[in-house]
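1. Sequence plus the predicted model coming up.
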Amino acid sequence: MKSQAFKAMMVRSEKDRPVSREIIRRSIDDLPSGDVVIQVHFSSLNYKDALSASGNRGVTRKYPHTPGIDAAGIVMDSTHAGFLPGEPVLVTGYDLGMNTAGGFGQYIRVPADWIVKLPERLSLKESMVYGTAGFTASLCVFKLTVTHGLKPEDGEILVTGASGGVGSLAVSILAKLGYSVTAASGKPEMHEFLTGLGARSIVSREDIQDDTDSPLLKARWAGVVDTVGGVFLATALKSTQQRAAVTACGNVASPLLNTTVFPFILRGITLYGIDSASTPMELRKAIWEKIASVWKIDGLDRLSHEISLESLDAYINRMLQGKQTGRVVVNLQTGSK
Ligand SMILES: NC(=O)c1ccc[n+]([C@@H]2O[C@H](COP(=O)([O-])OP(=O)(O)OC[C@H]3O[C@@H](n4cnc5c(N)ncnc54)[C@H](OP(=O)(O)O)[C@@H]3O)[C@@H](O)[C@H]2O)c1
């Protein structure tokens, strides 16, 4: 493919200097080697992107770097027989946006085995309303309802960080499937939004935060989707019903988990870890098919906000401050040339 200049966010993080982010022009020749070049139409903002864009070396080892762990677009060039120019595709996770130039640029080049063909009933934009956040929420739902066999009649499911990307999509999918969802949120102004997504009841962060040494609390939840970690995950483990299950995917509150064995040995609960980035391809495809069909949420638009690459900077800061609500979809084909 003829080399072409395109715009991308470039994050610079150098010793003794504040992290900087700017929109620059770069060349397809500068992208890492790979089987398939994709013209990115949409990306989305995830918490990991905010970390990469702020110089977090746990996510991105080397700068300058273009973040963006999600990308949906059209194959432009391919040396792999499985993908042909013109095909709509999506990529989430693996190393995209971490140490491989990511979806906050108009082109990416990736190995063929990272790519999922866009499911038929999903548009490129819709796939990025889900993005890694929606894929992760879906993995949590899969673990609770398919792997663990949780049924709607088993009781309430708690979702923490409910107004965020993973949380709001988990609330929506579970409600769509007929589960009774309790949404936990630190934002009183988002109660109406969460009820609109299908939450049956809403609790504050304080309601689900236990700072005592009690090994067990009243068994409230038939299942939990925890997106925040720390004391909230520890409290959820103490408050989960006999033989029920908890999924852990996030650490916005804290990566630490101070717990005891009692929820496990007295109530027989299961804690499922969620690692969306390295989900095996067969399961990955099966989850995307569910997202596009039986789990597809009505009114996806109210969950997301579309922005250009040029306005992304402010949203990254907002996310780092824990103020983000719903999903931010980045349109790579608008804004300045
Ligand atoms: N394991 C995986 O594969 C995987 C994949 C995707 C994301 N994640 C992780 O999942 C987490 C959520 O990601 P996201 O994209 O949904 O982020 P997000 O959009 O920023 O949402 C996080 C939400 O957590 C709540 N929150 C923020 N700060 C908090 C604090 N100090 N204490 C308690 N709650 C707090 C807020 O919701 P409320 O105000 O409503 O409480 C916020 O909207 C992140 O840690 C992310 O890295 C993991």
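-> Thanks, I have it.

2. quick one: buried residues of the one helix or strand Glu282 maps to?
-> Here Glu282 sits within helix 281-292, counting by DSSP states H and E. When burial is assessed from 16 or more other C-beta atoms under 10 Å, helix 281-292 yields the following buried residues: 284, 287-292. In this view, the C-beta of every residue, glycine as well, is placed from N, C-alpha and C.

3. Please produce TSV containing those residues, extended by pLDDT and distance to the ligand.
-> Output for the buried residues of helix 281-292, formatted as TSV (pLDDT from 0 to 100; distance: C-beta to the nearest ligand atom, whole Å):
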residue	pLDDT	distance to the ligand
Arg284	97	12
Ile287	98	12
Trp288	98	15
Glu289	97	19
Lys290	97	17
Ile291	97	14
Ala292	97	19
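
4. Dump these into JSON lines; add distance to Lys151 as well.
-> JSON lines is the format used below for the buried residues of helix 281-292 (distance: C-beta to C-beta, whole Å):
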{"residue": "Arg284", "distance to Lys151": "25"}
{"residue": "Ile287", "distance to Lys151": "20"}
{"residue": "Trp288", "distance to Lys151": "24"}
{"residue": "Glu289", "distance to Lys151": "22"}
{"residue": "Lys290", "distance to Lys151": "17"}
{"residue": "Ile291", "distance to Lys151": "21"}
{"residue": "Ala292", "distance to Lys151": "24"}
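
5. circling back to that earlier point, what's next to the helix holding Glu282, contact-wise?
-> 90, 113, 116, 119-122, 127, 130, 134-135, 138-139, 142, 279 (C-beta atoms under 8 Å, 6 or more residues apart in numbering).

6. mind running it again at 6 Å?
-> 116, 119, 121-122, 130, 138 (C-beta atoms under 6 Å, 6 or more residues apart in numbering).

7. Return it as CSV; C-alpha atoms alone will do.
-> Taking C-alpha atoms only, helix 281-292 is exported to CSV below (Å, rounded to 0.1, in the frame of the first residue of the first chain):
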residue,chain,number,x,y,z
MET,A,281,-10.6,-15.8,19.6
GLU,A,282,-13.4,-18.4,19.6
LEU,A,283,-15.0,-17.0,22.8
ARG,A,284,-14.3,-13.5,21.5
LYS,A,285,-16.3,-14.1,18.3
ALA,A,286,-19.1,-15.8,20.2
ILE,A,287,-19.4,-12.8,22.6
TRP,A,288,-19.5,-10.3,19.7
GLU,A,289,-22.3,-12.4,18.0
LYS,A,290,-24.3,-12.2,21.2
ILE,A,291,-23.7,-8.5,21.5
ALA,A,292,-25.0,-8.0,17.9
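
8. separation between whatever residue of the chain ends up closest to the ligand and Pro188?
-> The minimum distance from the chain to the ligand, using C-beta to the nearest ligand atom, falls at Gly164 (1.9 Å). Gly164 is 15 Å from Pro188, where distance means C-beta to C-beta, to the nearest Å.

9. Name the residue in these two with the higher neighbour count.
-> Using other C-beta atoms under 10 Å as the criterion, Gly164 and Pro188 rank with Gly164 on top: 30 against 9.

10. Just list the residues touching the more buried one, thanks.
-> Gly164 neighbours (C-beta under 6 Å, 6+ apart): none.

11. can we see that at 10 Å?
-> 46-47, 133, 137, 170, 185-187, 190, 227-228, 250, 252, 319, 322-327 (C-beta atoms under 10 Å, 6 or more residues apart in numbering).

12. Let's see which of those residues end up in helices.
-> Of the contacts of Gly164, the ones assigned to helices by DSSP state H are 47, 133, 137, 170, 319.

13. export the residues you listed to CSV and tack on neighbour count and pLDDT?
-> Listed next are these as CSV, based on neighbours: other C-beta atoms under 10 Å; pLDDT from 0 to 100:
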residue, neighbour count, pLDDT
Tyr47, 23, 93
Ala133, 33, 96
Ala137, 31, 98
Ala170, 33, 98
Met319, 22, 93
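
14. So which of those residues would count as near the ligand as well?
-> Applying C-beta under 6 Å from any ligand atom, the subset of those adjacent to the ligand comprises 47, 133, 319.

15. out of those, who's nearest Pro18?
-> Nearest to Pro18 among these is Met319, at 18.1 Å by C-beta to C-beta.

16. Surely the closest one and Asn46 touch.
-> Yes. Met319 is in contact with Asn46 according to C-beta atoms under 10 Å; the separation is 8.3 Å.

17. Between those two, which contacts overlap?
-> 164-165, 328.
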